[in-house]
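Enquirer: dropping a prediction and its sequence here:
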Amino acid sequence: QVRLVESGGGLVQAGGSLRLACAASGLAFSSYYMYWSRQAPGKEREFVAAISGPGGLNNHADSVKGRFTISRDNAKTTVYLQMNSLKPEDTAVYYCAANLGFSRNPNSYTYWGQGTQVTVSS
């Protein structure tokens, strides 16, 4: 059974930082692209960042480029999202996901975590 468990969300002031983590189990972790997506109230779920299985390739949405960084530790089967210079518009539920291929469309991802809330106050 595949499990993705996010942690690290919380309330932070604008300009602050948070580091999200997603612990994965039940899958061949290093074979999967890992993703972070987010969904704000009243909005569709959107792509945030992706990282390839070996970790050599990553991709970030334009809205977070230069502020957020995705990384992974295959030995710990964990993927991270370092979020710096947070803005109120970053407020959302952040989800970890896994998929064998690369896509910027969250609707195509195979496995999902339960999400963690990030709230950025102004």
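Expert: Yep, it's here. Numbers count the residues shown, from 1 in each chain.

Enquirer: hang on, isn't Val64 packed against Ala49?
Expert: Yes: with contact defined as Cβ atoms under 8 Å, Val64 reaches Ala49; the gap is 6.8 Å. Where you see a C-beta, it was placed from the backbone N, CA and C, and this is true even at glycine.

Enquirer: and the gap between the residue nearest in space to the middle of the chain and Ser108?
Expert: Of all residues in the chain, the one closest to the mean position by Cα atoms, centre = their mean is Trp36, 2.2 Å from it. Separation of Trp36 from Ser108 (Cβ to Cβ, to the nearest Å): 15 Å.

Enquirer: strands of this structure, residue ranges please.
Expert: In the chain, the segments counted as strands under DSSP state E are 3-7, 10-13, 18-25, 33-39, 46-51, 58-60, 68-73, 78-83, 92-99, 111-112, 116-121.

Enquirer: any chance of the ones you listed in JSON lines with mean pLDDT as columns?
Expert: Below are the strands of the chain laid out as JSON lines (pLDDT from 0 to 100):
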{"stretch": "strand 3-7", "mean pLDDT": "98"}
{"stretch": "strand 10-13", "mean pLDDT": "98"}
{"stretch": "strand 18-25", "mean pLDDT": "98"}
{"stretch": "strand 33-39", "mean pLDDT": "98"}
{"stretch": "strand 46-51", "mean pLDDT": "98"}
{"stretch": "strand 58-60", "mean pLDDT": "96"}
{"stretch": "strand 68-73", "mean pLDDT": "98"}
{"stretch": "strand 78-83", "mean pLDDT": "98"}
{"stretch": "strand 92-99", "mean pLDDT": "98"}
{"stretch": "strand 111-112", "mean pLDDT": "98"}
{"stretch": "strand 116-121", "mean pLDDT": "98"}
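
Enquirer: ranking those strands by burial, who's on top?
Expert: Mean neighbour count, computed with mean count of other Cβ atoms under 10 Å, is highest for strand 33-39 among these, reaching a mean of 25.
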